[in-house]
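Chemist: Build me a model from this:
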Amino acid sequence: MGLNRWEDIEKLNFFPRLEEVRLQGIPLLQTYTNTEQRSLMVAQLPSISLLNGSVVTDSEREDAERFFIRYHLDYPEEELPYRYHSLVTKYGKLEPLAEIDLRPRCRAEVEVHCEEKVEQLSIRLDQTVAELKKQLTTVVQLSTSSMRIYYIDKCSAFGPEEMKYKTRALHSYSIQDGDEILVVPKTKLKAGVQLPK
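Modeler: Numbering: from 1, shown residues only. Here you go, the predicted model:
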């Protein structure tokens, strides 16, 4: 049997007792990843319990059928396979899955305030407080030992938080774009400078 189109795969459903299928080396499948191939096949063939030698579980079948609906969301009506309609009857029309990036952010754009001066600065969040101080020396013209730095979260009701632990990583402060870093010269602290609330 030539399996060159999805319609040919659907025709396998005319064998109601077909429970095991091995489909390999089919040109139709070569443009898909292995996961896509398996999901599309499982969704197309509701009666099979073994595909290419491995068991099709109930949860895999449900995931595959849901994937099948989402896979065909942008297809014009006339190109939708028959199986699509029966799966939509079962699950309803599904929304595309949201793409969520769970990687930690690696940079933030912050405002550095030092006395009257305000500078925009892109900082790496994987660096430590000590490394940030080094980066700030060129911006505020102070040595690392003569400055204290404070983090101001624009969305927080709390005041500035002193960044006093040199080895603490910046990402642990949850710094976001638009937040502020306040640099106060130590000489000013002795003179009793008021920090912003």
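
Chemist: Go through this protein and flag its longest helix.
Modeler: Longest helix in the chain, counting residues (DSSP state H): helix 58-71.

Chemist: roughly how far is that one from the heart of the chain?
Modeler: How far helix 58-71 lies from its chain's middle: 21 Å, per CA atoms, centre = their mean, to the nearest Å.

Chemist: who are the neighbours in contact with the closest residue to residue 167 other than its chain neighbours?
Modeler: Leaving out its chain neighbours, the residue that sits closest to residue 167 by CB to CB, 6 or more residues apart in numbering is residue 128, at 5.4 Å. For every residue, glycine as well, the C-beta is placed using N, CA and C. Applying CB atoms under 8 Å, 6 or more residues apart in numbering, one finds that residue 128 lies in contact with 166-170.

Chemist: Go through those residues and say which is closest to residue 42.
Modeler: Of all the contacts of residue 128, residue 42 sits closest to residue 169, with 43.7 Å by CB to CB.

Chemist: Quick check: phi and psi at that closest one.
Modeler: When quoted as degrees, to the nearest 10, the phi and psi of residue 169 stand at phi -80, psi 140.

Chemist: can you tell me how far it sits from residue 32?
Modeler: 41 Å (CB to CB, to the nearest Å).

Chemist: before we move on, what about residue 78?
Modeler: Per CB to CB, residue 78 is found 22 Å from residue 32.

Chemist: out of the two, which sits in the more crowded spot?
Modeler: residue 32 (14 against 5; other CB atoms under 10 Å).

Chemist: Pull the contacting residues for the nearest residue to residue 162 once chain neighbours are set aside.
Modeler: Leaving aside its sequence neighbours, residue 162 sits nearest to residue 150 (CB to CB, 6+ apart; 5.3 Å). Contacts of residue 150 were listed using CB under 8 Å, 6+ apart, and they are 160-163, 181-184, 195.

Chemist: can you give me phi and psi for residue 150?
Modeler: The phi/psi pair for residue 150 (degrees, to the nearest 10) is phi -130, psi 140.

Chemist: now the helices for this protein?
Modeler: Using DSSP H, the helices of the chain run over 6-10, 34-44, 58-71, 82-91, 129-140, 186-190.
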